[in-house]
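1. Please work out how this folds:
(one chain, ligands or ions: 1)
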Amino acid sequence: MKFNKPLLIDHPFEDWVWNDVPKFRKEQVRKWIFEKEKLNWNQMFNLPKSMKEKLEEKFDLMPMEKVQVQGSRDTTQKFLWILRDNQLIESVLIPATIGTKGIRASRLTLCVSTQVGCALQCKFCASGLDGLKRNLTTGEIVGQILLARKEAGKRIDNIVFMGMGEPLANLPALLPALDQILSPKGLGIGARHLTLSTSGLAPKIIELAKYPAQIRLAISLHGGDDETRSKIMPINDRYSIDELFEACEKFIQKRKKMITLEYILIKGVNDDLRQAELLARHSRRLNAKVNLIPYNEVDGLNWKRPSRAKIKAFHKRVEKGDVPGVTLRMEKGFDIDAACGQLRLRKKTSAD
Ligand code: SAH
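-> Next up is the predicted model:
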């Protein structure tokens, strides 16, 4: 996809952008964008007109416009954005209270999209139903955070790359976006507050290991053996569980960082206790935490969530397997189709 102009926030800190602009002016623009979320030349009133005109000739500022905000009963909010080429993407803002008794604090997590649609065709997920339209640019990834922060009116504490798309299939745009998110000059969010989830692109996991920051990595496993995983995730035919884990081991070794195995529970597909035992074995092998996610049902797909009793039994069996940690993630935003796997490619309709 070619736009007429790039976004300024595709390359906000690169020297060639600022050629003949004095340093203090560049700093003024940076403040408008990253501290005040003003993505509009007219609002940058302390800049000379001639300078704004020159920049405007070369760059767009606003990566997307808000089309809709849906609020969920559990206070999760889903934003629908329209990009400059009229494609639609979503981000989900998830408030949570953390801490026990005495000290409690609230934290805001934003679930960010990295592509329009998805090419991976995991059989249970809504995001890939219409295939991949295109990669997001760096500025479109960062823009979701800037604009969601503006909407929320407060700091966003955690970022999870678990929205639409496969983050590791878009590393050329994602890595510079990570730079901006981590930089104190950009969004200033700590690496330990960023989690990237992947369906398991093994060579890209090795590539990501070279990225110097301590970001968190989560692997969408969803099957304890190749037969079960391949049934629901075609990517497993390209990179088997063993190949995937070899890449994970390299990542762990290089980054000295624990990873998480995500495991969605789908009725009659991957929820029997044998799978729980395999999952525990994998978790021990990688010294990885396990995150169990009861399946969120998707319109038009026939997969079902197991019964509560079945989920509990699976959870217990993994726990008994002496794993470094296992949590059960209850969905947020289910009533507004904002839960994991429910973000889908949408077309603009007159109802929006
Ligand atoms: N492409 C990346 C990130 C996107 S989804 C990945 O595959 O990891 C984030 C998580 O939600 C993944 O673990 C994904 O498998 C899971 N997911 C997808 N559809 C789901 C559904 N309907 N219910 C619950 N989790 C789902």
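
2. Spell out the residue ranges of the helices in the stretch 201-350 of the chain.
-> For the stretch 201-350 of the chain, applying DSSP state H, counting those that start in this stretch gives helices covering 202-209, 226-232, 235-238, 241-255, 273-286, 308-320.

3. quick one, which of those is nearest to C111?
-> helix 202-209 (18.9 Å; CB to CB). All C-beta spots, glycine's among them, are computed from the backbone N, C-alpha and C.

4. what does that closest one contact?
-> The contact list for helix 202-209 (CB atoms under 8 Å, 6 or more residues apart in numbering) reads 168-169, 171, 196, 198, 217, 239, 243-244, 246-248, 250-251, 254-255.

5. swap the cut-off to 7 Å and go again
-> L168, L171, T198, Y239, E243, L244, A247, C248, K250, F251, K254, R255 (CB atoms under 7 Å, 6 or more residues apart in numbering).

6. mind listing what's buried in stretch 138-156?
-> 138-149, 156 (16 or more other CB atoms under 10 Å).

7. no no, stretch 217-225
-> L217, A218, I219, S220, L221, H222, G223, G224.

8. Among the residues you listed, which lie within strands?
-> Those of the buried residues of stretch 217-225 mapping onto strands are L217, A218, I219, S220, per DSSP state E.

9. what bridges to the second one?
-> Put plainly, it is A218. Counting by DSSP bridges, A218 is bridged to S197, T260.

10. Quick check: the gap between it and D130.
-> Using CB to CB, to the nearest Å, we find A218 at a distance of 25 Å from D130.

11. now do the first one
-> Counting by CB to CB, the gap from L217 to D130 is 27 Å.

12. And for the last one?
-> Between S220 and D130 the distance is 20 Å, computed by CB to CB.

13. For the stretch 1-150 of the chain, what lies in contact range of the ligand?
-> C122, F124, C125 (CB under 6 Å from any ligand atom).

14. Out of those residues, who's the most crowded?
-> Highest neighbour count within these: C125, with 25 neighbours (other CB atoms under 10 Å).

15. Which residue comes closest to P48 once chain neighbours are left out?
-> R25 (7.9 Å; CB to CB, 6 or more residues apart in numbering).

16. Tell me the pLDDT of the one you found.
-> Here, the pLDDT recorded for R25 equals 96.

17. Ok, Q70 next?
-> pLDDT at Q70 comes out at 89.

18. Does it touch K78 like I think?
-> Yes - assessed by CB atoms under 7 Å, Q70 is found in contact with K78 at 4.7 Å.

19. which one of these two has more residues nearby?
-> K78 (23 against 16).

20. So that one belongs to a helix, correct?
-> No - judged by DSSP: H, G, I helix; E, B strand; the rest coil, K78 forms no part of a helix; its state is strand.

21. which residues does it form a beta bridge with?
-> Q70, V92.

22. how near is it to I89?
-> 11 Å.

23. Secondary structure element holding I159?
-> strand 158-161 (DSSP states H and E).

24. I would like the C-alpha coordinates for that strand, written out in PDB, please.
-> What follows is strand 158-161, C-alpha atoms only, in PDB (Å, rounded to 0.1, in the frame of the first residue of the first chain):
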ATOM      1  CA  ASN A 158       0.800  -1.800  29.500                       C
ATOM      2  CA  ILE A 159       0.800  -2.600  25.800                       C
ATOM      3  CA  VAL A 160      -0.100  -6.000  24.500                       C
ATOM      4  CA  PHE A 161       0.300  -6.800  20.800                       C
END
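
25. Run through the neighbouring helices and strands of that strand.
-> Counting by 3 or more CB pairs under 7 Å, 6 or more residues apart in numbering; DSSP states H and E, the packing neighbours recorded for strand 158-161 are strand 105-111, strand 194-198.

26. I'd guessed I235 sits against L120; true?
-> Yes - using CB under 7 Å, I235 is in contact with L120, at 5.6 Å.

27. Same question for stretch 86-93: list its buried residues.
-> Buried-residue list, stretch 86-93, by 16+ other CB under 10 Å: Q87, L88, I89, E90, S91, V92, L93.

28. any low-confidence regions in the stretch 201-350 of the chain?
-> Residues of the stretch 201-350 of the chain meeting the criterion pLDDT under 70: 330-350.

29. Go through the residues of the stretch 1-150 of the chain next to the ligand and name the one nearest the ligand.
-> Using CB to the nearest ligand atom, C125 comes nearest to the ligand of these, at 3.7 Å.
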